[in-house]
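>>> Provide a 3D model corresponding to the input given below.
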Amino acid sequence: MTAANAPQDRYNAVWIIFFILGLGTLLPWNFFMTATMYFTQRLKDPQTNGEHNQTANGTVVIEGDNRNVLESKFNNVMTLCAMVPLLIFTCLNSFIHQRIPQKLRISGSLSVIFVVFLITAVLVKVEMEPLPFFAFTMIKIICINSFGAILQGSLFGLAGMLPASYTTPIMSGQGLAGTFAAFSMICALASGSALQDSAFGYFITACVVILLAIVSYLALPKMEFFQYYSESSGSRSSADEENKMDLLKPDNRHLRVLQGEWNESGMKYNRIYVQLKSDMCSLFSVQPGKDSIWLPVLVIARLVFVPLFMLCNVQPRHYLPVVFAHDAWYIIFMILFSFSNGYLASLCMCFGPKKVSQHEAETAGAIMAFFLSLGLAVGAALSFSFRAMI
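Residues are numbered from 1 along each chain as shown. Below you'll find the predicted structure:
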């Protein structure tokens, strides 16, 4: 069986499933971070909560900063409890993925995260002392990010066995997760909902999305398109592997194959339909290509955003001048920064597994997921130094 005879992804079902799995990977954690104000509010000391002074004319004056140690350290400890397990378990996943079945890693991780968020939703209605609540919240953060790291690495490894374009729906789903969480927070603030009610809504929504991701993943093995590529990853001959990898080469014949024009079987799709179903990676996969020097050059060129953001109107500042005073500059830089991040990261995650042999594609995807997490951790650590330079 050749690549030209591969079954079609009917109704883009496999693409949609990977999109849902990408959404289910990050949406729960994004909702958890969105509810930060709810967590810090639960950490207030009962005796100091609402403490105020009253002047002679009856005016109420609230004390300056009544935050206790748990409140003030919550964000720092949360970041530590999130990033360290994320790095450790993403690294471990690149080694254990050959020893632990894929189904157990993905469905098991989703199930654990679902239970954690279900407990979190229940605890919204349960009163707890600040210290036990703080400790239990950090344990939940460690669990979410540990199993989330295994889930994310396993998904990228799984997508590495399919055509390059099936890595992008994972990243697209993750991108939508951040957007949806931010939009939900705006709606909650606009409606004037109480912090507990908003948080409960976040956590219940996360549970629904995780359940949808579990159901979608269980339906994935039944797809003929997925069966073909998952079975071929271990049984296809080297010649067939090379034919599949050559789909990304920038020559006219394979470009037509990429766009859906199959000369061998006589099947041809309308160009408009292909563009609607295609994602950014498949549309631009030959500009730059997987072997092009332009991809690493463009990635390195994104370092220019560091000084650009530092020269925006960030206050307070002590050393650097403000070059871009108007907020419009910051918005423009952020749009370019976000677009280039999504585009170049998608290309890297798409092309990476295709640079190795077919049977090593899953391992390559898992390792790339580790370095993606490592980059986020290093960036978060360096942000303190850059802030001090301003």
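>>> correct me if wrong: Ser232 contacts Gln358.
Yes - between Ser232 and Gln358 there is a contact under Cβ atoms under 8 Å: 7.4 Å. Every residue, glycine included, has its C-beta placed from N, CA and C.
>>> give me the secondary structure label for Asp291.
At Asp291 the chain is in coil, as set by DSSP: H, G, I helix; E, B strand; the rest coil.
>>> number of nearby residues for it?
12 (other Cβ atoms under 10 Å).
>>> also Leu295?
Here the number of neighbours of Leu295 (other Cβ under 10 Å) works out to 17.
>>> which residue packs closest to it, ignoring adjacent ones?
Pro288 (4.6 Å; Cβ to Cβ, 6 or more residues apart in numbering).
>>> shouldn't that neighbour be in contact with Tyr343?
No - judged on Cβ under 8 Å, Pro288 makes no contact with Tyr343 at a distance of 10.6 Å.
>>> who's more crowded, Ser232 and Gln358?
Applying other Cβ under 10 Å to Ser232 and Gln358 shows that Gln358 carries more neighbours, namely 23 against 18.
>>> that one and Ala381, how far apart?
Relative to Ala381, Gln358 is positioned 36 Å away (Cβ to Cβ, to the nearest Å).
>>> now do the contacts for the residue nearest to Leu295.
294-295, 298, 347 (Cβ atoms under 8 Å, 6 or more residues apart in numbering).
>>> before we move on, what about Lys44?
Lys44 neighbours (Cβ under 8 Å, 6+ apart): 66-68, 71, 130.
>>> show the pLDDT at it.
Note for Lys44: predicted pLDDT of 87.
>>> tally of neighbours for the nearest residue to Met78 once chain neighbours are set aside?
Using Cβ to Cβ, 6+ apart and skipping the chain neighbours, the partner closest in space to Met78 is Ile141 (5.9 Å). Look at Ile141: counted by other Cβ under 10 Å, it has 22 neighbours.
>>> let me know the pLDDT of Ile141.
94.
>>> now for the helix or strand harbouring it, which elements pack on it?
Assigned by DSSP states H and E, Ile141 falls within helix 130-159. Under the contact criterion of 3 or more Cβ pairs under 8 Å, 6 or more residues apart in numbering; DSSP states H and E, helix 130-159 touches helix 13-34, helix 36-42, helix 69-96, helix 102-123, helix 168-191, helix 361-389.
>>> for the contacts of Pro288, which PyMOL command selects only the ones that are buried?
To isolate the buried subset of the contacts of Pro288 in PyMOL, counting by 16 or more other Cβ atoms under 10 Å, use the following:
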select buried, resi 295+347
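>>> quick check, nearest of the contacts of Pro288 to Gly192?
Distances from Gly192 to those, taken as Cβ to Cβ, are shortest for Leu347 (42.9 Å).
>>> let me know the helix or strand that the closest one is in.
Per DSSP H and E: helix 327-351 holds Leu347.
>>> in that helix, what counts as buried?
Applying 16+ other Cβ under 10 Å to helix 327-351 flags 329-330, 333, 342-351 as buried.
>>> how about the strands of the stretch 201-350 of the chain, start to end?
261-262, 267-268 (DSSP state E, counting those that start in this stretch).
>>> and stretch 119-136, average pLDDT?
What stretch 119-136 shows for mean pLDDT is 93.
>>> low-confidence regions, the stretch 1-150 of the chain specifically.
1-4, 47-65 (pLDDT under 70).
>>> mind doing that once more with 90?
Per-residue confidence for the stretch 1-150 of the chain (pLDDT under 90) gives these ranges: 1-11, 26, 44-88, 90-102.
>>> could you export the contacts of Pro288 as a markdown table, including pLDDT and distance to Ala219?
A markdown table is the format used below for these (pLDDT from 0 to 100; distance: Cβ to Cβ, whole Å):
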| residue | pLDDT | distance to Ala219 |
| --- | --- | --- |
| Trp294 | 86 | 38 |
| Leu295 | 86 | 34 |
| Leu298 | 90 | 37 |
| Leu347 | 83 | 28 |
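>>> dump the contacts of Pro288 to a markdown table, plus distance to Leu311.
Output for the contacts of Pro288, formatted as a markdown table (distance: Cβ to Cβ, whole Å):
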| residue | distance to Leu311 |
| --- | --- |
| Trp294 | 27 |
| Leu295 | 27 |
| Leu298 | 22 |
| Leu347 | 28 |
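>>> buried set for stretch 175-188?
Buried residues in stretch 175-188, counting neighbours by 16+ other Cβ under 10 Å, are found at 175-178, 180-181, 184-185, 188.
>>> okay, those in a markdown table with distance to Asn30 and pLDDT next?
Putting the buried residues of stretch 175-188 into a markdown table (distance: Cβ to Cβ, whole Å; pLDDT from 0 to 100) gives the following:
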| residue | distance to Asn30 | pLDDT |
| --- | --- | --- |
| Gly175 | 11 | 84 |
| Leu176 | 10 | 89 |
| Ala177 | 5 | 89 |
| Gly178 | 5 | 85 |
| Phe180 | 8 | 90 |
| Ala181 | 4 | 89 |
| Ser184 | 9 | 89 |
| Met185 | 10 | 88 |
| Ala188 | 14 | 88 |
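>>> got the residues you listed as TSV, with distance to Leu104 columns?
TSV is the format used below for the buried residues of stretch 175-188 (distance: Cβ to Cβ, whole Å):
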residue	distance to Leu104
Gly175	28
Leu176	27
Ala177	24
Gly178	28
Phe180	28
Ala181	28
Ser184	31
Met185	34
Ala188	36
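>>> off-centre distance for stretch 297-305?
21 Å (Cα atoms, centre = their mean, to the nearest Å).
>>> list of residues touching it?
288, 333, 336-337, 340-341, 344, 348.
>>> what's the end-to-end length of it?
14 Å (Cα to Cα, to the nearest Å).
>>> on that earlier part again, separation between the residue nearest to Met78 and Gly175?
The gap separating Ile141 from Gly175 is 22 Å, by Cβ to Cβ.
>>> go on, Trp294?
Using Cβ to Cβ, Trp294 is found at 23 Å from Gly175.
>>> ok, Thr363 next?
Thr363 is 25 Å from Gly175, by Cβ to Cβ.
>>> give me the contacts around the helix holding Leu347.
156, 164-165, 167-168, 170-171, 175, 248, 279-281, 284-285, 288-290, 295, 298-299, 302, 305, 308-309, 312-313, 324, 365, 368, 372.
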